[in-house]
Structure formats: C-alpha cells, structure tokens
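K.L.:
Predicted coordinates and the sequence they were generated for:
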Amino acid sequence: MQHLACPEGRWEVATALPHARLRPGVQRYRGFRLDLDLPRQRLEVPDGVVTLLFSFDHELRVTEAATPSATGSSHRSMLVGLRTSTGLGRHSGRLNGLEVILSPWKAYALFGIPMHELADTIADPIDLLGPRCRDLADALACAPGWAQRFELLDAAFLRWSVDAVPASDRVRYAWRELARTSGALPIGQLVADTGLSWRQLEHRFRTEIGLTPKGAARVMRLRKVLRLMAENRAAAGIAAECGFSDQAHLSREFKAMIGRTPRQFLQARALDFAGPPTVDRVDGQVTSVVLT
C-alpha cells in the first residue's frame, strides 16, 4: 500500500493493488480524504475503465461537461461504466471515500450486469447489486483505516468471484487487441481473429464491455491522444500517429468527447490547485483535470 498525506491534514490518498487472484481485471484500489477550503470541480474523461465508488460522508454531484449548468445528479455511491463523453464532478471540498478501478470484462463477471446498462451513465451500486453491496459499503465506512478497507474489498471480491460467470475469452482477446493498438486495429480483423460474426462480436461486446467495438476503439484512440499530449508532442504529429486525417479532425473529435479544445484542456491541466499531487485515477493514463 502507498499512502500520501498533506502535513496540514487537508488531504490524503492511499492506493493498493488488489489480491493477485483478482488481477489484472481489478486494477487498483484508491482511498481519498479531502478537507479543502473551497468547492472542487473535476473533469473525468473517457478512460476505458469501470469505476465503483463509495463516499463515506459527503455527496458528489455529476453533470455532463458539455452541459455544466445542468442540475445533474447527486451520489454517495456510484457505479460508472465506460463513457464516450466527459463528466464533471463537483463537491464541497470535503470528501472521504474510496474507488475501485476495474476492466469492463471483470466488472461484467463480478457484478453480473450487462455492461451496456452502465455505458455513459451512473448507477447506484447498492440498487443494482443489493445486500452484498450495501453490507460492503457499511463495512468499509466502519473500518479503522485504509489497509483494513482494502482487505475488505479483496475478501468481498474473492467471494463474489466464486459464482462469477467469466467474460468470453474471445471478447477479452478483442478488448486486449484494441487496447494494445490504441483502437487502430480494424474491426474486420477482430471479427476474423475471434471467429465471430460482426453481429455476434458487437452483441457480446455491448454485453460484456458496454460499448460496441467501434465505440471502444474510439475511447482507446482518445487515451493515446491524451498520453501523447502529456508528453508535449506536437498536435500535427499526434494527429498523424493516431490516425486522424489532419489536426482539425483531431480537434473536432477531441472537443466532441471532452467538451474542450486540446489547447483548453492542456491549459486546465497546467493549473495548480491545493490537493493531492496526482489527479489521474488510472496508472499511466490522463483521466482527470481539476478545474477549481
């Protein structure tokens, strides 16, 4: 377990890898406590993961980044599937809870939910998963520290895994290939490699991943764009490397998915706010921007 804390007590973050038998599908546990002076807003971009979040005290209000003035919805617990648009999260500056980062095929196996029901939406996990999730949330809130909470997560997910129906090997293969190629692999090649028909692959992908293969490839390509932007690569070079026809094409797709131009996004990433030094929720990816 890794633990970082502000000397003044304004924030702390604890992270841990799940039990070896849960990996690689359950990717990471992340606990957090914020006690900041001002409200906070964060952009959460499409990241290719499923997030299970429990707040122990305050609510988090979420809207679409494209419509920030909308009322949105408030949550203490959230189960968030794959997204193709960017969310905007707001809270009072005080928040205490934890999140679990999962690959979509593992979420399908553990939770037993068709993943298209979670795509581009936010659900209450207790409503979906019932008493086992309510009991887990209560136990996590009562645990004395982060290490004990992470142990509770391991124990719960290992129990849930006993009766889990695993995702199709062919779907997992297709997902890995899309991730490996950052969405560049032609879908026709996936069809040929998996031995499924176009319709079968699309149906299974929506059920076990949440998006169609084309939609998943779009998210994977955005992940690469964000990674190259973080390396200060030139926009024209990023466009060419990621398969866009030109820089303007990249900018249109970027704004459609994130609600900001690449320049606006980079400017927001460069701002310095009080809080943990790392805002990204997935190792090696750009996932988040603190706005205030």
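P.N.:
Cool, the structure landed.
K.L.:
In contact with the residue lying closest to Pro262 once chain neighbours are set aside: list those residues for me.
P.N.:
Leaving aside its sequence neighbours, Pro262 sits nearest to Phe254 (Cβ to Cβ, 6 or more residues apart in numbering; 5.3 Å). C-beta here means a position set from N, CA and C on the backbone, and glycine is covered the same way. By Cβ atoms under 8 Å, 6 or more residues apart in numbering, the contact set of Phe254 is Leu222, Val225, Arg260, Thr261, Pro262, Phe265.
K.L.:
and which of those is nearest to Gln285?
P.N.:
Gln285 has its nearest neighbour among those in Leu222, at 10.3 Å by Cβ to Cβ.
K.L.:
and that closest one, which of the three is it?
P.N.:
helix (DSSP: H, G, I helix; E, B strand; the rest coil).
K.L.:
Going along the chain, name the helices of the protein.
P.N.:
Under the criterion DSSP state H, helices of the chain are mapped to 104-111, 125-129, 131-142, 146-162, 169-180, 187-194, 198-208, 213-230, 235-241, 247-258, 262-270.
K.L.:
give me the low-pLDDT residue ranges for the chain?
P.N.:
Of all residues in the chain, none has pLDDT under 70.
K.L.:
let's see 90
P.N.:
Applying pLDDT under 90 to the chain picks out residues 37-38, 57, 64-72, 163, 270-279, 283, 291-292.
K.L.:
At the geometric centre of it, which residue sits there?
P.N.:
Computing the C-alpha centroid of the chain and ranking residues by Cα atoms, centre = their mean puts Val49 first, at 4.0 Å.
K.L.:
so what's that one up against?
P.N.:
Gln27, Leu82, Ile101, Leu102, Ser103, Pro104, Arg281, Val282.
K.L.:
Next, give phi and psi for it.
P.N.:
As for Val49, its main-chain torsions (degrees, to the nearest 10) stand at phi -130, psi 160.
K.L.:
Mind checking which of the contacts of Phe254 are buried?
P.N.:
Those of the contacts of Phe254 that meet the buried threshold are Leu222, Val225, Arg260, Pro262, Phe265, by 16 or more other Cβ atoms under 10 Å.
K.L.:
and the nearest residue to the last one once chain neighbours are set aside, how many neighbours?
P.N.:
Read it as Phe265. Of all residues not flanking Phe265 in the chain, Ile258 sits nearest, at 6.1 Å (Cβ to Cβ, 6+ apart). Using other Cβ atoms under 10 Å, Ile258 has 22 neighbouring residues.
K.L.:
check contacts around Ile258.
P.N.:
Leu43, Val45, Ala65, Thr86, Leu222, Phe265.
K.L.:
Next, find the distance separating the fifth one from Val286.
P.N.:
As for Leu222, its distance to Val286 is 10 Å (criterion: Cβ to Cβ, to the nearest Å).
K.L.:
Check the third one too.
P.N.:
Using Cβ to Cβ, one gets 15 Å for the distance from Ala65 to Val286.
K.L.:
With the second one instead?
P.N.:
Distance, Val45 to Val286, using Cβ to Cβ: 7 Å.
K.L.:
and the residue nearest to Leu196 when sequence neighbours are not counted, how many residues sit next to it?
P.N.:
Closest residue in space to Leu196, ignoring its immediate chain neighbours: Arg170 at 6.2 Å, by Cβ to Cβ, 6+ apart. The tally of other residues near Arg170 (other Cβ under 10 Å) stands at 18.
K.L.:
for the one 10 residues further on, same thing?
P.N.:
The number of residues packed near Arg180 is 11, by other Cβ under 10 Å.
K.L.:
again with the one 4 residues further on
P.N.:
The number of residues packed around Ala184, counting by other Cβ under 10 Å, is 15.
K.L.:
on that earlier part again, save the contacts of Ile258 as TSV, and put in distance to Arg233 too.
P.N.:
Formatted as TSV, those follow (distance: Cβ to Cβ, whole Å):
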residue	distance to Arg233
Leu43	21
Val45	17
Ala65	24
Thr86	21
Leu222	15
Phe265	14
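K.L.:
Looking at these, spot the one nearest Ser74.
P.N.:
Ala65 (17.0 Å).
K.L.:
any idea how far His75 is from the spatially closest residue to Thr181 that is not a sequence neighbour?
P.N.:
Spatial nearest neighbour of Thr181, excluding adjacent residues (Cβ to Cβ, 6+ apart): Met220 at 7.6 Å. Met220 sits 27 Å away from His75, going by Cβ to Cβ.
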